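**Student:** Give me a model of this one.
(one chain, ligands or ions: 2)
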Amino acid sequence: MKTLWQHCHVATMAEGRYSIIEDAAMVTAGSLIEWIGPRSQVPTGDYAQVYDLQGAWVTPGLIDCHTHTVFGGNRSGEFEQRLEGVSYADIAAKGGGIASTVRATRAATEDELFASAEKRLRSLLRDGVTTVEIKSGYGLDLANERKMLRVARRLGDALPVSVRATCLAAHALPPEYKDRADDYIEHICNEMLPALAAEGLVDAVDAFCEYLAFSPEQVERVFKVAQQLGLPVKLHAEQLSSLHGSSLAARYHALSADHLEFMTEEDAIAMAAAGTVAVLLPGAFYFLRETQLPPMEALRKHGVKIAIASDLNPGTSPALSVRLMLNMACTLFRMTPEEALAGATQHAATALGMGDTHGSLEAGKVADFVAWQIDRPADLAYWLGGELDKRVVRHGADVTA
Ligand code: DI6
Ligand code: FE
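**Tutor:** Ligands and ions are numbered 1, 2, ... in the order given. Okay, here's the model as predicted:
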């Protein structure tokens with residue numbers, strides 16, 4: 001069954017550029033794009049449905065390639081304390097920080113986690129998101145990491161969004177392994193990852209490489225097991241200090257290395273050679289009032305692909321809008337609106353290993369797109385949040401919320 005979509009302009013985002021087609025049309029067949037081009041050249045055919053997009057700008061559906069959408073509780077109380085001058089270290093010493101989210105996540109049932117995550121995810125979807133990555137990492141034992149990953153899978157089944165589930169068991173040290181980080185890594189490698197992978201709950205493996213989390217050596221042990229299991233890897237790296245986790249990620253041909261404020265030019269060279277995407281997270285940068293910018297010039301100079309994501313999480317980025325992240329990428333990181341949009345479409349798809357099927361509007365790719373009633377593509381990075389008038393199409397079907 002073929003559908004014709006017309007009276008629109010398209011920013012196809014092919015090759016990570018706007019790649020604009022003015023007065024365009026698109027033919028979808030089932031869930032795929034069959035043809036896209038100038039309206040004057042639409043193939044004649046028998047179209048079951050014809051949509052008039054009323055002059056909209058069409059872009060690929062937004063892809064949020066780094067989120068921690070599933071978690072128990074929230075940390076707005078800690079936010080308030082921090083603004084009153086209590087340090088993050090003090091909060092952590094009193095059992096706050098990631099540990100408090102781990103307690104709340106462990107205490108929540110699968111259904112409770114689903115219900116709270118669904119609300120956050122719907123907020124992202126109202127913003128034009130059609131693909132989202134969701135990490136575990138607040139369970140930190142087999143049963144609770146499984147619970148989180150099952151919620152991620154269920155969200156993908158219940159809502160009109162493609163979900164990629166990432167196992168982030170190596171996010172923090174669980175209390176029962178206090179002062180035994182190597183033992184916890186061994187538990188992840190020998191028990192957790194093999195079991196969760198066998199259950200089909202894991203699309204990729206992530207870790208937090210930082211002096212207050214896990215060392216490059218510990219991360220490497222996790223990466224080796226991921227590789228044996230045939231799972232791609234990603235890494236939280238260089239967020240607070242320079243441990244060259246991004247170079248380690250590149251050695252393992254990671255899909256992405258994320259955060260990266262403290263990365264060096266050598267790291268950028270290694271990532272470019274490996275095709276590892278740099279995922280920048282302006283929401284966390286903003287929320288933590290960071291001052292060290294990611295090395296934009298080195299990333300551009302060496303041709304590292306740059307993605308932008310929300311990092312939606314209760315501690316460092318309670319961000320419910322990808323468009324707001326595009327704005328922050330421009331204002332805080334000095335990206336262009338075109339680079340930012342590429343970062344939430346084509347390059348985000350590549351950061352999830354989906355670059356061949358998603359992220360740009362080209363014949364043969366999946367028909368995930370948004371028809372925005374805006375004046376020009378830069379509007380997507382211009383407005384600070386809010387809702388824009390739009391139609392959202394996923395797998396060729398209108399799913400506008
Ligand atoms: N980096 C972050 O910014 C978050 N996790 C990570 O690895 C923090 C998560 C939290 O504070 O709950
Ligand atoms: Fe994160």
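**Student:** tell me the domain boundaries of the protein?
**Tutor:** Per the record, the chain has its domains at 2-59+361-398, 62-351, by the TED database.
**Student:** Mean neighbour count, distance to ligand 1 and mean pLDDT for those - can I get that in JSON lines?
**Tutor:** All C-beta atoms are positioned from the backbone trio N, CA, C, and that covers glycine. Below are the domains of the chain laid out as JSON lines (neighbours: other CB atoms under 10 Å; distance: least, CB to the nearest ligand atom, whole Å; pLDDT from 0 to 100):
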{"stretch": "domain 2-59+361-398", "mean neighbour count": "18", "distance to ligand 1": "21", "mean pLDDT": "97"}
{"stretch": "domain 62-351", "mean neighbour count": "21", "distance to ligand 1": "2", "mean pLDDT": "97"}
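**Student:** So which residues of the stretch 101-250 of the chain form helices?
**Tutor:** All helices of the stretch 101-250 of the chain, identified by DSSP state H, counting those that start in this stretch, fall at 110-125, 142-158, 181-187, 193-198, 216-228, 245-251.
**Student:** Not counting its own residues, what contacts the third one?
**Tutor:** The set of residues that contact helix 181-187 without belonging to it, under CB atoms under 8 Å, 6 or more residues apart in numbering, is 170, 173, 174, 177, 214, 218, 221, 222.
**Student:** Tell me who's in contact with residue 4.
**Tutor:** Contacts of residue 4 by CB under 8 Å, 6+ apart are 25, 26, 27, 42, 45, 47, 49, 50, 51.
**Student:** Helix, strand, or coil at it?
**Tutor:** The three-state label given to residue 4 by DSSP: H, G, I helix; E, B strand; the rest coil is strand.
**Student:** in the sheet, who's paired with it?
**Tutor:** Residue 4 has these beta-bridge partners by DSSP bridges: residue 27, residue 50.
**Student:** likewise the one 5 residues further on?
**Tutor:** In this structure, residue 9 bridges to residue 57 when assessed by DSSP bridges.
**Student:** my read: it touches residue 19, true?
**Tutor:** No. Proximity of residue 9 to residue 19 does not meet the contact threshold set by CB atoms under 8 Å, at 11.5 Å.
**Student:** Secondary structure element for the closest residue to residue 365 other than its chain neighbours, which one?
**Tutor:** Spatially, and ignoring its direct neighbours in sequence, residue 365 is nearest to residue 33 (5.4 Å; CB to CB, 6 or more residues apart in numbering). Here residue 33 sits within strand 32-38, counting by DSSP states H and E.
**Student:** Which neighbouring elements make contact with that strand?
**Tutor:** Judged by 3 or more CB pairs under 8 Å, 6 or more residues apart in numbering; DSSP states H and E, strand 32-38 is in contact with strand 20-29.
**Student:** Output the strand it packs on as CSV, nothing but the C-alphas.
**Tutor:** Presented in CSV, the C-alpha positions along strand 20-29 are these (Å, rounded to 0.1, in the frame of the first residue of the first chain):
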residue,chain,number,x,y,z
ILE,A,20,17.1,20.4,1.3
ILE,A,21,14.6,19.5,-1.4
GLU,A,22,12.1,22.4,-1.8
ASP,A,23,8.5,21.7,-2.9
ALA,A,24,9.2,18.0,-2.3
ALA,A,25,7.1,14.9,-2.2
MET,A,26,7.7,11.5,-0.7
VAL,A,27,6.2,8.1,-1.5
THR,A,28,6.1,5.5,1.3
ALA,A,29,5.3,1.8,0.9
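**Student:** Check which helices and strands it sits against.
**Tutor:** If you count contacts as 3+ CB pairs under 8 Å, 6+ apart, strand 20-29 packs onto strand 2-11, strand 32-38.
**Student:** Touching that strand from outside, list them.
**Tutor:** Contacts for strand 20-29 (CB under 8 Å, 6+ apart): 1-12, 33-40, 42-43, 45, 47, 58, 361, 367, 369, 377, 393, 396.
**Student:** and what of stretch 319-328?
**Tutor:** So stretch 319-328 is in contact with 62, 64, 120, 123-124, 127-129, 281-283, 285-287, 308-312, 337, 340-341, 343-344, 380-385, 388, going by CB under 8 Å, 6+ apart.
**Student:** just stretch 75-91 next, same as before
**Tutor:** So stretch 75-91 is contacted by 96, 97, 100, 101, 314, 315, 318 (CB under 8 Å, 6+ apart).
**Student:** One more pass at 6 Å, please.
**Tutor:** Defining contact as CB atoms under 6 Å, 6 or more residues apart in numbering, one finds that stretch 75-91 is touched by 96, 97, 314, 315.
**Student:** What sits closest to the first one if chain neighbours are left out?
**Tutor:** Read it as residue 96. residue 78 (5.4 Å).
**Student:** Next, format the helices and strands packed on strand 20-29 as JSON lines and append distance to residue 327.
**Tutor:** Putting the helices and strands packed on strand 20-29 into JSON lines (distance: least, CB to CB, whole Å) gives the following:
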{"stretch": "strand 2-11", "distance to residue 327": "17"}
{"stretch": "strand 32-38", "distance to residue 327": "28"}
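**Student:** Dihedrals phi and psi, residue 19?
**Tutor:** Phi and psi for residue 19, reported as degrees, to the nearest 10, are phi 50, psi 60.
**Student:** Please look at residue 271 and residue 250 and confirm they touch.
**Tutor:** Yes. In this structure, residue 271 is within contact of residue 250 by CB atoms under 6 Å, at 4.8 Å.
**Student:** Show the backbone phi and psi for residue 140.
**Tutor:** Per-residue torsions, residue 140: phi 60, psi 20 (degrees, to the nearest 10).
**Student:** mind listing what residue 19 touches?
**Tutor:** By CB under 6 Å, 6+ apart, residue 19 lies in contact with residue 12.
**Student:** Just give me the residue closest to the centre of this protein.
**Tutor:** The C-alpha lying nearest the average C-alpha coordinate of the chain belongs to residue 65 (CA atoms, centre = their mean; 1.6 Å).
**Student:** if I read this right, that one contacts residue 305, doesn't it?
**Tutor:** No. Using CB under 6 Å, residue 65 is not in contact with residue 305, being 11.3 Å away.
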